[in-house]
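S.K.: Any chance you could fold what I've pasted below:
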Amino acid sequence: MKAHTYNVLVLLDLKDNSEKLLKYTLALSKTMPLNIEFFSVRNPTEVIDTDSQLSAMRNINTNCIALRNELEQTLSPFFKNNGVKVKSTFALGNAKNHIEKRISACLPDIVIIGERKSKTLSFMGDHITDFLLRNYEGMLLVASNPESINSLEVLRAANTNNIYANSMTA
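M.R.: Residues are numbered from 1 along each chain as shown. The predicted structure follows:
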């Protein structure tokens, strides 16, 4: 009997916690069969810094190429060297809108996000975790410790279709 392959969407911001998130996803892929898609969204205010429309279009094109290359360089050492096939996509714009569209397009069984460092002023930010908890009905994993993955816990949570934050121990 062939094991069920889970579709996984990994939301990647390409910042400090990206390496931990990639290690977590790689460790999870070794415990269960996964189709992995990485998705990154960049805010247009991070890209456009001038008022000129022509300069803005040039910056958008340059940043799209740079983002594609950054995704490739970030993912290659982890997955291609380990024989895991992954797909990566990215978007420029409102993070919540693009994440919602990506989820409806790829219909993941599991969505994995990175663990955020706590800030003293929590009223600022994009609140992606809260958004996913309210709008996504599948399983949500918050990647914290790649060494603590217990695939039976993940499978149990996936089969019961619960929202699940990773605090698993081996």
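
S.K.: C-alpha only now, for contacts and for neighbours.
M.R.: Noted.

S.K.: what's in contact with stretch 51-61?
M.R.: Applying CA atoms under 8 Å, 6 or more residues apart in numbering, the set of residues contacting stretch 51-61 from outside is 47-50.

S.K.: tell me which of those is nearest to residue 84?
M.R.: Compare each of the contacts of stretch 51-61 with residue 84 using CA to CA and the shortest gap goes to residue 47, at 31.2 Å.

S.K.: Let me have the contacts of stretch 51-61 in TSV, extended by neighbour count.
M.R.: Formatted as TSV, the entries for these read as follows, by neighbours: other CA atoms under 10 Å:
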residue	neighbour count
47	18
48	17
49	11
50	10
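
S.K.: For the residues you listed, give me TSV that also has pLDDT and distance to residue 97.
M.R.: TSV is the format used below for the contacts of stretch 51-61 (pLDDT from 0 to 100; distance: CA to CA, whole Å):
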residue	pLDDT	distance to residue 97
47	72	18
48	76	19
49	74	22
50	72	24
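
S.K.: which one of these is nearest residue 32?
M.R.: Looking at those and their distance to residue 32, the nearest is residue 47, at 37.3 Å (CA to CA).

S.K.: That closest one and residue 62 touch, don't they?
M.R.: No - the criterion here is CA atoms under 8 Å, and residue 47 misses it with residue 62 at 9.1 Å.
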